[in-house]
Structures are given as C-alpha cells and as structure tokens.
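Colleague: my questions are about this predicted structure, shown below with the sequence.
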Amino acid sequence: MSPKKIGLVLLLVAPMVALMLSPWKHDGTLVYLGMLPAGVGLLVGRGPALVAGPLTAVCMAIGVSLSDWPLAGALFMAALGACVGLSAVKGWHGIGGFVGPQTAFALIGGPLVALPSGTVGASTSFGALAAMAGWVAFGGLWTALIGGVLTRGMHLPGPKAVPRRAATYFAVALAILTGVATYVAMGWIDSPNSWWLLLTLFVIVQPYFAATLSRMAARVGGTLAGAVLAGLVAHFLSGSPGILSAVALVLTGAAAWAYLKRPYWVFTLFLTPAVILQTSGGEDVLLSADLERALFTAAAAVVAVAVLAVGHGILSSRSRTTT
C-alpha cells in the first residue's frame, strides 16, 4: 500500500479513534455505525455511498422515536424491510442489509450519545436524538468522501441487480419476517440484545432461496465463533477503550477484505466481534450478552429458513402447475 493510501486510511478512521479516546466514546460508536453502510455503499458506487450515511441516520432517528410503541415499530421495520427488498432491483440491497440492523439497534438496543452535560440515551431529548443522527450521518459522509478517494481506480464488484419478480418476493418475505420479529422483540422479549433477531434476518434473507440457505449456515457459524472472539478480546483488553476501538477497526478492515476475497463465514467471523465490541458495554455486560446474541441469531435463522422454505415450496408448486 502506498504512503498516500496509508494516509487516507488513517484519515478515514481518525474521527472515530479520536472520539473513542475522549470522554465522548459513545459518539465514536455512532460514527462507526454510520461508516458501515457507507463502506458497503462504496462497493456499489459513490452515489449510493453518499446516500447511505444520512439514510441510516434518518432511519435510526425514526427508530428511537418509536422505541416505546411495539406495533408502530413493527410496521416501520416491515416497511423498511420491503424497501430493502425492492432496492434489490438496482442491486442496493447490500446497503439495506446494514441500514436495517442499525435501525433495529436504535429501535431496540437503546443507543447512547455523549453530550456536554453527560452521556444519555438517544431517546431522552430532541437534542440527544439530533446528536445521535448527526454523528451517524457524519460517519457515513466521511466514509463516502474519504473512502471514495481511497478506492479510486480500484476494481470493485458494483451493484448486483435482481430481477423485479425475485425482488418483489424478497421484499414481501423480508417485510413479514422483520415486522413480526420486531413486534416479538419489543413486546415479548425483555432484552436490548434482541435487536440481533433483526440483524440476522437482514443478513441471511436473500433474493434467492438457495443463497439464503448458504447464508444461514455461514451466519450462525461465523456469529458463534465471532462472539467467542469478542469475549476473548474484551477479557484481555478490558479497561482500554481506545485499544478495543482499534481492534474493532482492524476487524472491520479484515471483514471488508473478506467480503471481497473470502467466503461469507469469514466476513461474519471478523465483523461480528467488531460490532459487538462497539455496541456493548464493559466486559461483564459483553460476556453475559454473548450467549443471548448467539441464541437470537440461531432462532432468527431457523425461523427465517423455515418460513422461506414453505414459501419456496408453494411458489415452486404453482410454477409447475402453470407450466
């Protein structure tokens, strides 16, 4: 890597690292959450990358605003799931696969934001809500601008468009699954980690049934291994938030490399601990929540595949009948 690109990488991560080393470390987490969808957006194009951060910020702000209303939250997540599915026509569903989980975190996970008066929940005031959205949007825009220069001249995958018929079925399936899962998570499960149900759905449900089966196995295996890795990192580096953030950034970079070069389970293995380290509290909270995350991931994967298998069977039967 040339000195210029090394400088751009350091510039890219500088705001988040600076925040994580300051009393405003929770704002660093928000910047990180905005960076993820924009980073995936760069694989599609600079235009989608520029949209991804602000879009994530708006969706997260709506999510926080609906955090006390399970039915409204479920309807919103169902609508978001439908939009992600329909965006597959342009090949943008990979970006939506990150916007959705960030929104679920805002809706269920209770994000924190650091203000001059102290650290508070994003739902406590309009100022806190605006600050959360602002940091997320900043993270996305910064990634799109600096990352756009960094990736100039690189051969990137580009959008993987899906036929409209498949995208429509994808949208319906994702809307139903995310809507029901959100209502269950908000109304019946008393755990801020239940947003991992939604994260799993947005990740494993794909436009084609065969791809969903492949994603399920990779996601569950990668998540379990990644959760163990996160626990080990937190155990040995507890009390050093700056170092933990640096590790999370290295893991995120490794995940980006794996997304382009390696099987999906390797991508999950790296990204899972990065997200856990950035969205969890201290070591005790992280370790106690690891098992919950693994159970939520496995449960969502099994239910999603079971429902999609029934739908796939019905559609296949109808296709044979019409022919």
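Modeller: The structure has been received and is ready for your questions.
Colleague: what number of residues lie near the residue nearest to I204 when sequence neighbours are not counted?
Modeller: Leaving aside its chain neighbours, I204 sits nearest to R215 (4.2 Å; criterion: C-beta to C-beta, 6 or more residues apart in numbering). In this view, the C-beta of every residue, glycine as well, is placed from N, C-alpha and C. By the criterion of other C-beta atoms under 10 Å, R215 has 22 neighbours.
Colleague: for whatever helix or strand R215 lives in, buried residues please.
Modeller: Per DSSP states H and E, R215 falls inside helix 209-237. For helix 209-237, the neighbour count (16 or more other C-beta atoms under 10 Å) marks 209, 212-216, 218-220, 222-227, 229-231, 233-234, 237 as buried.
Colleague: next: stretch 122-136.
Modeller: Neighbour-count burial for stretch 122-136 [16+ other C-beta under 10 Å]: 122-123, 128-129, 131-136.
Colleague: then stretch 55-63?
Modeller: Neighbour-count burial for stretch 55-63 [16+ other C-beta under 10 Å]: 55-57, 59-63.
Colleague: show me what that stretch is in contact with.
Modeller: 33-34, 37-38, 73, 76, 80, 98-99, 102-107, 111, 129-130, 132-134, 136-137, 140 (C-beta atoms under 8 Å, 6 or more residues apart in numbering).
Colleague: dump that stretch to PDB, restricted to CA.
Modeller: The C-alpha trace of stretch 55-63 is given here as PDB (Å, rounded to 0.1, in the frame of the first residue of the first chain):
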ATOM      1  CA  LEU A  55     -30.300   7.500   5.200                       C
ATOM      2  CA  THR A  56     -29.100   5.400   8.200                       C
ATOM      3  CA  ALA A  57     -29.200   8.500  10.400                       C
ATOM      4  CA  VAL A  58     -32.800   9.200   9.500                       C
ATOM      5  CA  CYS A  59     -33.900   5.600   9.900                       C
ATOM      6  CA  MET A  60     -32.200   5.400  13.300                       C
ATOM      7  CA  ALA A  61     -33.800   8.700  14.400                       C
ATOM      8  CA  ILE A  62     -37.200   7.300  13.500                       C
ATOM      9  CA  GLY A  63     -36.400   4.000  15.300                       C
END
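Colleague: if we can go back for a sec, which of the buried residues of stretch 122-136 lies closest to Y169?
Modeller: Within those, the smallest distance to Y169 is 30.8 Å, found for V136 (C-beta to C-beta).
Colleague: and the end-to-end length of stretch 76-95?
Modeller: Start-to-end span of stretch 76-95 (C-alpha to C-alpha, to the nearest Å) is 18 Å.
Colleague: can you point out the buried residues in it?
Modeller: So for stretch 76-95, counting by 16+ other C-beta under 10 Å, buried means 76-78, 80-95.
Colleague: that older thread, among the contacts of stretch 55-63, which are in strands?
Modeller: With DSSP state E as the criterion, strands contain none of the contacts of stretch 55-63.
Colleague: what about the buried residues of stretch 122-136, which are in helices?
Modeller: 128-129, 131-136 (DSSP state H).
Colleague: elements contacting the helix or strand hosting Y169?
Modeller: If you go by DSSP H and E, Y169 is part of helix 164-187. If you count contacts as 3 or more C-beta pairs under 8 Å, 6 or more residues apart in numbering; DSSP states H and E, helix 164-187 packs onto helix 70-86, helix 93-104, helix 195-204, helix 283-322.
Colleague: the first one to helix 195-204, inter-axis angle?
Modeller: I take that to be helix 70-86. Put simply, helix 70-86 runs at 20 degrees to helix 195-204, going by axes from the mean of the first three to the mean of the last three C-alpha atoms, to 10 degrees.
Colleague: I'd like the average pLDDT over helix 70-86.
Modeller: Helix 70-86 carries an average pLDDT of 96.
Colleague: what helices or strands is that helix leaning on?
Modeller: By 3+ C-beta pairs under 8 Å, 6+ apart, helix 70-86 packs against helix 46-65, helix 93-104, helix 164-187, helix 195-204.
Colleague: just the residues contacting that helix, thanks.
Modeller: By C-beta under 8 Å, 6+ apart, helix 70-86 touches 59, 62-63, 66-67, 93, 96-97, 99-100, 103-104, 107-108, 167-168, 170-183, 186-187, 198, 201-202, 207.
Colleague: buried ones from those, can you make that a PyMOL selection?
Modeller: Buried members of the contacts of helix 70-86, defined by 16+ other C-beta under 10 Å, are picked up in PyMOL with:
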select buried, resi 59+62+63+66+67+93+96+97+99+100+103+104+107+108+167+168+170+171+173+174+175+177+178+179+180+181+182+183+186+198+201+202+207
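Colleague: SS state for I146?
Modeller: helix (DSSP: H, G, I helix; E, B strand; the rest coil).
Colleague: the closest residue to it other than its chain neighbours: neighbour count?
Modeller: Closest residue to I146 apart from its sequence neighbours, by C-beta to C-beta, 6+ apart: L12 at 4.5 Å. Neighbour count for L12, taken as other C-beta under 10 Å: 20.
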